[in-house]
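Q: Just the structure for this:
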Amino acid sequence: MPMRRRWKLAGGPPVLALALVLTGCGAAEDSPPVVVSSLTLAPHPSTVAGSPPTASAQATDTLQPTGSSAPIANPSPTTPGVPAADPFADQPLIDHAQWSDDSDGRRLRVYPTQAGRSDTFPAALGRAWQEVLTSTPDADSPGMYDQFRCHWEWARVVQPDKTSWNLEPWRPAVGYDATVAALCNPGGPDR
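A: Reported below is the predicted structural model:
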């Protein structure tokens, strides 16, 4: 029986939990659930059970969703994971941001553009936050950037068509890692 190695998600269980339930992140809207399957590394056929894989076998491993027979090729090491230039540099990333008063407190609803949902250039996060602050300067309060970053890096991946990203100034400022661990909603879910 071939030996299987599990694909490990950077950040461990809290990040996986985030990916599984982030679809409800600050949402008062009804959305269908997002299904995230786990991935495992399928060993190269030359790997013998019980022996360590060779370097060439490691280089040719494929990702395979659990329960699926269709392998997904690993990206080539020469394929850059980050664009060399921002492909959306000339486009706005945020359509608008709008404050609302809800039963649990004040909430800033941030509506990203299609470019904002797609841009993976590293500096785009800072540019998008500046667009939010330009339209709603009072959003610059403790914890709000961490919530925005959490939505930028996680919510748009897990639920790319979510209408708005909801940021609440009444939530505690606990730092980025704790914000992610709280599924972008430190201090508990919306009431």
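Q: contacts, neighbours, all on C-alpha from now
A: Noted.
Q: ranges for the strands of this structure?
A: 5-6, 39-42, 62-65, 72-73, 94-102, 105-112, 165-167 (DSSP state E).
Q: Each with direction, which strands does the last one pair with?
A: Applying DSSP bridges to the sheet, strand 165-167 is found paired with strand 105-112 (antiparallel).
Q: Please apply the same query to the longest one.
A: Strands adjacent to strand 94-102 in the sheet, as given by DSSP bridges, are strand 105-112 (antiparallel).
Q: The longest helix along the chain - contacts with which helices or strands?
A: If you go by DSSP state H, the chain has its longest helix at helix 124-135. Counting contacts by 3 or more CA pairs under 8 Å, 6 or more residues apart in numbering; DSSP states H and E, helix 124-135 packs against strand 94-102, helix 144-150.
Q: Residues touching it, excluding its own?
A: 86, 92-94, 96-97, 110, 116, 139-140, 145, 148-149, 152 (CA atoms under 8 Å, 6 or more residues apart in numbering).
Q: Show me just the buried residues among those.
A: 92, 93, 94, 96, 97, 110, 116, 139, 145, 148, 149, 152 (16 or more other CA atoms under 10 Å).
Q: just the helices in this structure please.
A: Along the chain, the stretches classed as helices by DSSP H are 12-21, 55-59, 114-118, 124-135, 144-150, 156-158, 176-181.
Q: Would you single out the least confident of the ones you listed?
A: Note on the helices of the chain: helix 55-59 shows the lowest mean pLDDT, a mean of 39.
Q: what residue ranges in this protein score low on pLDDT?
A: For the chain, the stretches flagged by pLDDT under 70 are 1-80, 191.
Q: what do you get if the cut-off is 90, keeping everything else the same?
A: Applying pLDDT under 90 to the chain picks out residues 1-83, 104, 188-191.
Q: and the longest helix of the chain with strand 105-112, angle?
A: Inter-element angle recorded for helix 124-135 and strand 105-112: 120 degrees (by axes from the mean of the first three to the mean of the last three CA atoms, to 10 degrees).
Q: shift numbering so it begins at 59
A: That works, and once the first residue is 59, the last one we named lands at helix 182-193.
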